[in-house]
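# Quick one, what's the 3D model for this:
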Amino acid sequence: MGAVRVEVSVGQVPPGGAHQVFAGRLDLPSGVIEAGNILVHHIEKLDISPARSAFVRIFVDSRESPARVTILVAPE
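Okay, here's the model as predicted:
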């Protein structure tokens, strides 16, 4: 176990060599996505309003022990 970098972005392309581990639509009544580490109380907010849903894809650099997680958001 080590440090893991999490990136959240809107309208970007997946990183080269990444493995997709999730793809799906999320309903977001608030229009805000929160991502972070709740253990150390570090939360980042991504406001996608006025959209209330988004298609989300999650990629990792390694399926076994990822050091980088990329979350791509496409507001609908």
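# Am I right that residue 39 falls within a helix?
Yes: assessed by DSSP: H, G, I helix; E, B strand; the rest coil, residue 39 belongs to a helix.
# For stretch 3-11, give the mean pLDDT please.
Averaged over stretch 3-11, pLDDT sits at 79.
# Contacts for it next, please.
Outside stretch 3-11, the residues within contact range by C-beta atoms under 8 Å, 6 or more residues apart in numbering are 33, 35-36, 44, 46, 48, 66-75. C-beta coordinates here come from the backbone N, C-alpha and C atoms, glycine included.
# Could you measure from the residue nearest to residue 69 when sequence neighbours are not counted over to residue 60?
Nearest residue to residue 69, sequence neighbours excluded (C-beta to C-beta, 6 or more residues apart in numbering): residue 6, at 4.8 Å. For residue 6, the distance to residue 60 (C-beta to C-beta, to the nearest Å) stands at 10 Å.
# Just want to know which of these two has more residues nearby.
Ranked by neighbour count (other C-beta atoms under 10 Å), residue 6 and residue 60 place residue 60 first, with 19 against 15.
# Okay, and the beta partners of residue 55?
Listed by DSSP bridges, the beta-bridge partners for residue 55 are residue 25, residue 74.
# For residue 66, which three-state class applies?
Secondary structure state of residue 66, per three-state DSSP, is coil.
# Report the contact partners of it.
Residue 66 neighbours (C-beta under 8 Å, 6+ apart): 4, 60.
# Repeat that for residue 69.
Going by C-beta under 8 Å, 6+ apart, the list of residues near residue 69 reads 4, 5, 6, 7, 58, 59, 60.
# Could you do residue 27 as well?
Counted by C-beta under 8 Å, 6+ apart, residue 27 has contacts 52, 53.
# quick one: it from residue 44, how far?
20 Å.
# Would you confirm that residue 73 contacts residue 33?
Yes: with contact defined as C-beta atoms under 8 Å, residue 73 reaches residue 33; the gap is 6.3 Å.
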